[in-house]
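K.L.:
predicted structure and sequence below. I'll ask about it afterward.
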Amino acid sequence: MGNHAYHQAHPREHLQAAVVVTQDLNTPEKDTRPIAFFDFDGTLTTSDTLMPFLKYVVGARVYYAKLFLIGPVLIGYFAKLIPNDIAKQIILKFYLKGYHIDEVRVLGRQFSEEMIPEMVRPDLMERLKWHQELGHQCVLVSASLDIYLNDWCKKVGITACLCSSLEVDSGSRITGALSGSNCFGAEKARRILINFESLTSRYSYAYGDSKGDLAMLFLVNSGFLYKKGKIKKVER
């Protein structure tokens, strides 16, 4: 939606943003700018990005051959019989184990440049732009991989990226496991609190599209859930 329409629908939020932005921002530790957290898959994009990224890395023929073999894992995940983090690591191991991290990093950069622009959701990108134009700090919080999201964030002016990371062995080969926790559900709120200790002194927003984002949405002053083409404020 355009800026004018959003300001009319959210006059208090706009006023809060305008007042805070006028404060002195020269000292980082006293940063009181409003801050907006965005989920990625399904929020800023129209769909999941992990599987398209894996297809980009291994090629279509290998991707579909392996997809047939991991079908039971995907069924178990969608039936909620397999937790998100376990299913993800099974899939990552199946597709990426043994790859050198530098090779995948290059492919991640290419994926962010060639593929992600075709996957973004225009109305949520407009909301991101609105926050940026008001001088708000914008942060990506996603369960997807930083190996392709870091470059995309830099390109669109997002200043921090809290995401999942790939584990590598002593030879810089991908193991298929995650380095640290999967940035999903309650982990999103935990990462925010660890990285932004000043959150209580800043007006905060968050945007998501699923139950996995609710912990983050309930953490902030104004949380919004994207459903059926509409951005709806979450009631606590």
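P.N.:
On my side now, so go ahead.
K.L.:
rest of the way, CA atoms for contacts and neighbours
P.N.:
OK.
K.L.:
what helix or strand is the nearest residue to residue 89 once chain neighbours are set aside located in?
P.N.:
Take residue 89 and drop its neighbours on the chain: the residue closest to it by CA to CA, 6 or more residues apart in numbering is residue 177, 5.3 Å away. Under the criterion of DSSP states H and E, residue 177 resides in strand 174-178.
K.L.:
contacts for that strand?
P.N.:
Strand 174-178 is contacted from outside by 89-101, 164-169, using CA atoms under 8 Å, 6 or more residues apart in numbering.
K.L.:
kindly give a single PyMOL line that selects the buried subset of the residues you listed.
P.N.:
The buried residues among those can be selected in PyMOL (16 or more other CA atoms under 10 Å) with this line:
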select buried, resi 89+91+92+94+95+96+97+98+99+100+101+164+165+166+167+168
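K.L.:
mind checking which of the contacts of strand 174-178 land in strands?
P.N.:
164, 166-168 (DSSP state E).
K.L.:
looking at the residues you listed, which one is closest to residue 213?
P.N.:
Taking CA to CA as the measure, residue 213 sits nearest to residue 164 out of the ones in strands among the contacts of strand 174-178, at 14.6 Å.
K.L.:
that closest one touches residue 142, doesn't it?
P.N.:
Yes. Judged on CA atoms under 8 Å, residue 164 makes contact with residue 142 at a distance of 7.1 Å.
K.L.:
shared neighbours, those two?
P.N.:
residue 183.
K.L.:
ok, and what's touching the host helix or strand of residue 61?
P.N.:
If you go by DSSP H and E, residue 61 is part of helix 60-69. Here helix 60-69 makes contact (CA under 8 Å, 6+ apart) with 54-55, 94-95.
K.L.:
so in the chain, where's the weakest helix or strand by average pLDDT?
P.N.:
helix 11-21 (a mean of 31; mean pLDDT, DSSP states H and E).
K.L.:
following it, which helix or strand shows up next?
P.N.:
strand 35-38.
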